[in-house]
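K.L.:
coords please:
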Amino acid sequence: MAKQNLSDETLKLNIVINGNEAQKKLMDLEKVQRELNKENKLLLAQKAKLKAFNKTESKEYKELTQRIKENEAALKANKLEIDATTKKIGIKNLTMAQLNKRAKDLRYQLNNLYPPGTAGYKKYTAELQAVNTRLAELRGQSR
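P.N.:
So this is what the prediction gives:
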């Protein structure tokens with residue numbers, strides 16, 4: 001009997017974890033993003049060391065520069081995929097942490113990329129308002 005009970009618990013756990021493929025994909029993409037950012041920091045530190053020793057013309061310096069460019073391109077592509085997956089999931093199905101992160105990203109874009117009154121500004125303001133409304137709704141439910 002205990003063995004069956006364990007199987008039922010395992011099965012329920014698998015359903016919860018594997019129930020939403022888009023959420024799993026989003027978590028995987030965010031993990032890749034963190035790893036790429038970490039790698040970029042290390043590469044930039046190595047590049048700075050070489051620059052400090054005036055080795056900017058060395059083969060290693062040029063290879064590091066190329067790898068950094070490749071990582072930055074991968075980061076941009078990954079960010080676009082994260083945004084697309086987030087939209088696919090929809091605001092109603094995002095976790096509190098994901099909603100907070102999305103709100104932070106939207107505030108950054110509004111503050112730094114779009115002047116007030118432009119179409120982009122209006123679009124991101126509306127999305128930020130929707131995210132904030134959803135966050136308030138979830139906070140209200142948790143009380």
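K.L.:
centroid-nearest residue for the protein?
P.N.:
Glu30 (4.4 Å; C-alpha atoms, centre = their mean).
K.L.:
got a pLDDT number for that residue?
P.N.:
At Glu30, the pLDDT value in this model is 91.
K.L.:
now the helix or strand it falls within: buried residues?
P.N.:
In the assignment (DSSP states H and E), Glu30 maps to helix 21-52. The neighbour-count check on helix 21-52 (16 or more other C-beta atoms under 10 Å) flags Gln23, Leu26, Leu29, Gln33, Leu36, Asn40, Leu43, Lys47, Leu50 as buried. To be clear about C-beta, it is placed using only N, CA and C from the backbone, and glycine gets the same treatment.
K.L.:
same question, stretch 85-97
P.N.:
Result for stretch 85-97 [16+ other C-beta under 10 Å]: buried residues Thr85, Thr86, Ile89, Ile91, Leu94.
K.L.:
in helices, which of those appear?
P.N.:
Among those, the residues falling in helices (DSSP state H) are Thr85, Thr86, Ile89.
K.L.:
what is the nearest of those residues to Ala126?
P.N.:
Set against Ala126, the nearest of these by C-beta to C-beta is Thr86 (15.5 Å).
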